[in-house]
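A.B. asks: Take this sequence and fold it.
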Amino acid sequence: MGGMSSHAPGLPEPAPLTVGFDLDMTLIDSRPGIHATYRALSAETGVYVDADLAVSRLGPPLEQELSVWFPPERVEAVGERYREMYPTFAIEPTLATPGAREAVEAVQALGGRAVVVTAKHQPNAELHLTHLGITPDAVVGWLWAERKAEALRAHGASVYVGDHTGDVRGARAAGCLSVAVPTGPCGEEELRAAGADVVLKDLTAFPAWLDSFARESARPGPAQR
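C.D. replies: This next block holds a predicted model:
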């Protein structure tokens, strides 16, 4: 598997390296697009939404933010309308975070699989990735915090990379190594306090870390020496 391990004859093939990635503020800086969508939603509904405040706390599901601005009985319908509007306003202005493409490609270059696991509406997540030329092996949407563990376990992930304490919780629930980047609303100390195993400055540091992790993982244990 691209130098990941030395496979002993007669033993089962090792599982491929699978790394999960969060989307918003991990692989993409979606603040400009989300800001524009909230402004359009506010104009259409006549309900004030502080878009600056909303984009400062990205990570949790959309309905959590909408519940701050809309009465409970309107949240579901407004959420559906937001998702309908999203491709028009949010895809074009959203950028990849520094090192995002390279991070995904670093996993694949080792023969591994990169899986995006996000709380975002999956079709909109896929639109972002296609627009930005980021090509993971799978995308799973609608999962937040501990529920991300469902997809991480299903895909056999051993590492999960995210920017939010909710991502750390998801990684730990799945038994994954939690790699965090303070590129979203949570700072380095907050991520460490939540249980992140590794905190990188941003994804530009990920390929070098992954290379070191892969070499360490390939070393035989005491019983194999």
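A.B. asks: contacts and neighbour counts: CA atoms only from here.
C.D. replies: Noted.
A.B. asks: Residue ranges of each domain in this structure, please.
C.D. replies: Structurally, the chain divides into domains by automatic domain parsing as follows: 18-29+95-219, 31-90.
A.B. asks: If you average the pLDDT over the longest one, what comes out?
C.D. replies: Domain 18-29+95-219 shows a mean pLDDT of 97.
A.B. asks: max-length helix in the protein?
C.D. replies: helix 72-90 (DSSP state H).
A.B. asks: Quick one: the helices in the chain, in order.
C.D. replies: Here the chain has its helices, by DSSP H, at 31-45, 51-55, 62-69, 72-90, 100-109, 122-132, 148-154, 165-174, 188-194, 206-218.
A.B. asks: about what we covered before: comparing the domains of the chain, which comes out most buried?
C.D. replies: Mean neighbour count (mean count of other CA atoms under 10 Å) peaks for domain 18-29+95-219 among the domains of the chain, with a mean of 20.
A.B. asks: show me what contacts residue 94?
C.D. replies: Neighbouring residues of residue 94 by CA atoms under 8 Å, 6 or more residues apart in numbering: 28-33, 128.
A.B. asks: Repeat the analysis, applying 10 Å as the threshold.
C.D. replies: Counting by CA atoms under 10 Å, 6 or more residues apart in numbering, residue 94 makes contact with 24, 28-34, 128, 131-132.
A.B. asks: measure residue 122 to residue 116 for me?
C.D. replies: 10 Å (CA to CA, to the nearest Å).
A.B. asks: between these two, what contacts are shared?
C.D. replies: What both residue 122 and residue 116 touch, as defined by CA under 10 Å, 6+ apart, is the set 139-141.
A.B. asks: In strands only, show me those residues.
C.D. replies: Those of those mapping onto strands are 139-140, per DSSP state E.
A.B. asks: Tell me the one among the shared contacts of residue 122 and residue 116 nearest to residue 190.
C.D. replies: residue 141 (24.8 Å; CA to CA).
A.B. asks: Which residue, other than its chain neighbours, is closest to the closest one?
C.D. replies: residue 122 (4.3 Å; CA to CA, 6 or more residues apart in numbering).
A.B. asks: and the one you found, what does it touch?
C.D. replies: 116, 128, 139-143.
A.B. asks: Taking those together, which two end up most distant?
C.D. replies: 128 and 143 (17.0 Å).
A.B. asks: Distance from stretch 103-118 to the middle of the chain?
C.D. replies: Taking CA atoms, centre = their mean, to the nearest Å, one finds stretch 103-118 lying 12 Å from the centre of the chain it belongs to.
A.B. asks: Now tell me what touches stretch 200-209 from outside.
C.D. replies: Here stretch 200-209 makes contact (CA under 10 Å, 6+ apart) with 26-27, 97-107, 161-163, 179-183, 188, 198-199, 212-214.
A.B. asks: For it, measure first residue to last.
C.D. replies: The first residue of stretch 200-209 is 9 Å away from its last residue (CA to CA).
A.B. asks: swap in stretch 106-118?
C.D. replies: Stretch 106-118 end-to-end distance (CA to CA) = 20 Å.
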